[in-house]
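S.K.: no FASTA, just this:
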Ligand SMILES: C[S@@+](CC[C@H](N)C(=O)[O-])C[C@H]1O[C@@H](n2cnc3c(N)ncnc32)[C@H](O)[C@@H]1O
């Protein structure tokens, strides 16, 4: 384990900075453990660091699609299963690549428990990221081991699954399980490029992993084509303030964000946005009043308590937490099943159906509006770069401008950051 001073030194070296050139340092955080703290006043737009992943590879979730473990393609005329290690590949070229030779050499050190043909290749792919950690040098392993790691038994299931098929030795198993725990606590999703039909990946960015969370973060990040993670300030950060990122969806309402953070990162966020029942006036979590005569919105009375009752802003009616949970669960399953063929179907659902049940401010409506814009931009004849008929253009622009104005307002009210809405709306 590295001391705080060694951690700071290792972090700086990793991102090619020194104590004099970095605008931040690694210090104690009131939120828990370590955090990144501004060493001087930082201006909005400044790049804080460009982090490199110690390891990266497939994500382990149940919805991770099958894809090539070299080029990450999820669509190919056919996929091959390596006859030595059972990893998924899309072509002979990928099979003969150096990347695959390294992965295959790691896995083939362990004897198979069953014939390769019977091994489930997606199980091996899901364990590939922690498997790759075995190739880190001593310094990399020490850095990885010094990152925060959650201990509950759910972390490391990839390795348990892998052991059905291979005789993994104790030392490798121990390090890979630790890696899974570190990944689940610190890894960032690396989104696939627009329209690329590739798997989205996870990367262990050890310096970015030191950033704590706030639902009103003061940074944003993007990736370069070499998987470098560029972390930028989105607002000015005064010297001594903590540099924060957001681990949850910015457009999710408070109950959704807090549930996600609790389940995946094991803490209950208590930031100013979570503590405000109205979420700075955005009412993202609001539901419609249960009273048939009332058109009001209901909101949590004490949002930091999971068991809080909700109250209507108009008629004052109180609704117990259990009823709210039942509605949220029903809405959640409904959203999981929705699959719209085209923008017209989605717009019909948005305008005539869902808004009967939830207020227009609700995160579901906002999410569907974002999907509608996405679909419009993907529709033949309506693509951003196509010649678009004038009526459709006006319609689309009016829609986007209205929505964009609402979201910019939301951003300002919420003091989240001033530029995230540009991510969604490249106008
Ligand atoms: C990626 S680590 C962040 C760095 C960590 N604080 C450290 O000491 O290395 C994520 C973990 O930090 C803690 N954490 C981050 N943000 C938090 C917050 N806003 N409130 C409470 N705990 C937080 C949680 O335990 C979380 O799972």
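M.R.: Perfect, thanks for sending it. These numbers come from a predicted model, not from an experiment.
S.K.: Check this protein for the residue nearest the ligand and tell me.
M.R.: The ligand sits closest to residue 33 of the chain, with a gap of 2.4 Å, by Cβ to the nearest ligand atom. For the C-beta atoms, the positions are set from N, CA and C on the backbone; glycine is no exception.
S.K.: residues near that residue, how many?
M.R.: Under the neighbour criterion other Cβ atoms under 10 Å, residue 33 is assigned a count of 9.
S.K.: what's the nearest residue to it if we skip its chain neighbours?
M.R.: Residue nearest to residue 33 in three dimensions, not counting chain neighbours: residue 148, with 5.9 Å by Cβ to Cβ, 6 or more residues apart in numbering.
S.K.: now do residue 151
M.R.: Spatial nearest neighbour of residue 151, chain neighbours left out: residue 181 (6.6 Å); criterion: Cβ to Cβ, 6+ apart.
S.K.: quick revisit: assign the residue nearest to residue 33 to helix, strand or coil.
M.R.: For residue 148, the secondary structure call by DSSP: H, G, I helix; E, B strand; the rest coil comes out as coil.
S.K.: So is stretch 142-149 next to the ligand?
M.R.: Yes: legend: contact between stretch 142-149 and the ligand by Cβ under 6 Å from any ligand atom is shown at residue 148.
S.K.: what does that stretch contact?
M.R.: With contacts defined as Cβ atoms under 8 Å, 6 or more residues apart in numbering, stretch 142-149 is touched by 1-2, 7, 10, 14, 33-34, 54-55, 133, 136, 155, 178-179, 181-182, 185-186, 204, 206, 209-210.
S.K.: ok, now with 6 Å
M.R.: Applying Cβ atoms under 6 Å, 6 or more residues apart in numbering, the contact partners of stretch 142-149 are 1, 2, 7, 10, 33, 54, 181, 182, 185, 186, 206, 209.
S.K.: re earlier: immediately after the helix or strand where the residue nearest to residue 151 lies, which helix or strand?
M.R.: Residue 181 is part of helix 170-186, with elements assigned from DSSP states H and E. The first helix or strand that comes after helix 170-186 along the chain, using DSSP H and E, is strand 188-190.
S.K.: For the residue lying closest to residue 253 once chain neighbours are set aside, report the pLDDT, please.
M.R.: Of all residues not flanking residue 253 in the chain, residue 285 sits nearest, at 2.9 Å (Cβ to Cβ, 6+ apart). The predicted structure scores residue 285 at 95 on the pLDDT scale.
S.K.: ok so, going back, since we're on the residue nearest to residue 33, how many residues are nearby?
M.R.: The burial count assigned to residue 148 is 14, neighbours taken as other Cβ under 10 Å.
S.K.: what does residue 339 give?
M.R.: Using other Cβ under 10 Å, residue 339 is surrounded by 7 other residues.
S.K.: and it, what is it in contact with?
M.R.: Applying Cβ under 6 Å, 6+ apart, no residues contact residue 339.
S.K.: I'd assumed it was in a helix, is it?
M.R.: No: remark: residue 339 does not belong to a helix; assigned using three-state DSSP, it is coil.
S.K.: Are we agreed that residue 161 is in a helix?
M.R.: Yes: assigned with three-state DSSP, residue 161 falls within a helix.
S.K.: What helix or strand is the residue lying closest to it once chain neighbours are set aside located in?
M.R.: Nearest residue to residue 161, sequence neighbours excluded (Cβ to Cβ, 6+ apart): residue 123, at 4.9 Å. With elements taken from DSSP H and E, the one containing residue 123 is helix 121-126.
S.K.: Show me what the next helix or strand after that helix is packed up against.
M.R.: Where DSSP H and E defines the elements, the next helix or strand beyond helix 121-126 is helix 128-132. Counting contacts by 3 or more Cβ pairs under 6 Å, 6 or more residues apart in numbering; DSSP states H and E, the secondary-structure elements packed against helix 128-132 are strand 56-58, helix 170-186.
S.K.: and helix 128-132, which residues are buried?
M.R.: 128, 129, 130, 131, 132 (16 or more other Cβ atoms under 10 Å).
S.K.: Closest one to residue 273 out of those, please.
M.R.: Ranked by distance to residue 273 (Cβ to Cβ), the buried residues of helix 128-132 are led by residue 129 at 31.6 Å.
S.K.: Can you name the residues bridging to the closest residue to that closest one other than its chain neighbours?
M.R.: Spatial nearest neighbour of residue 129, chain neighbours left out: residue 57 (3.5 Å); criterion: Cβ to Cβ, 6+ apart. Using DSSP bridges, the bridge partners assigned to residue 57 are residue 202.
S.K.: From residue 273, how far off is residue 57?
M.R.: Here the criterion is Cβ to Cβ, to the nearest Å. By it, residue 57 lies 33 Å from residue 273.
S.K.: quick revisit: ok, the residue nearest to residue 161 touching residue 160?
M.R.: No: counting by Cβ atoms under 6 Å, no contact exists between residue 123 and residue 160, whose distance comes to 10.2 Å.
S.K.: Need phi/psi at residue 94.
M.R.: According to degrees, to the nearest 10, the main-chain angles of residue 94 amount to phi -70, psi -40.
S.K.: What does the pLDDT read for it?
M.R.: In this model, residue 94 is scored at 97, pLDDT.
S.K.: so who does it touch?
M.R.: Contacts of residue 94 by Cβ under 6 Å, 6+ apart are 68, 70, 71.
S.K.: Count the neighbours of the second one for me.
M.R.: I take that to be residue 70. One way to gauge burial is a neighbour count; for residue 70, by other Cβ under 10 Å, it gives 20.
S.K.: Kindly report the same for the last one.
M.R.: Neighbour count for residue 71, taken as other Cβ under 10 Å: 16.
S.K.: so it, which of the three states?
M.R.: From three-state DSSP, the assignment for residue 71 is coil.
S.K.: Now for it: which residues touch it?
M.R.: Counting by Cβ under 6 Å, 6+ apart, residue 71 touches residue 94.
S.K.: mind redoing it with 8 Å?
M.R.: Under the criterion of Cβ under 8 Å, 6+ apart, the neighbours of residue 71 are 90, 94, 198.
S.K.: and what of the second one?
M.R.: For residue 70, the set of contacting residues under the criterion of Cβ under 8 Å, 6+ apart consists of 89, 90, 94, 95, 97, 99, 100.
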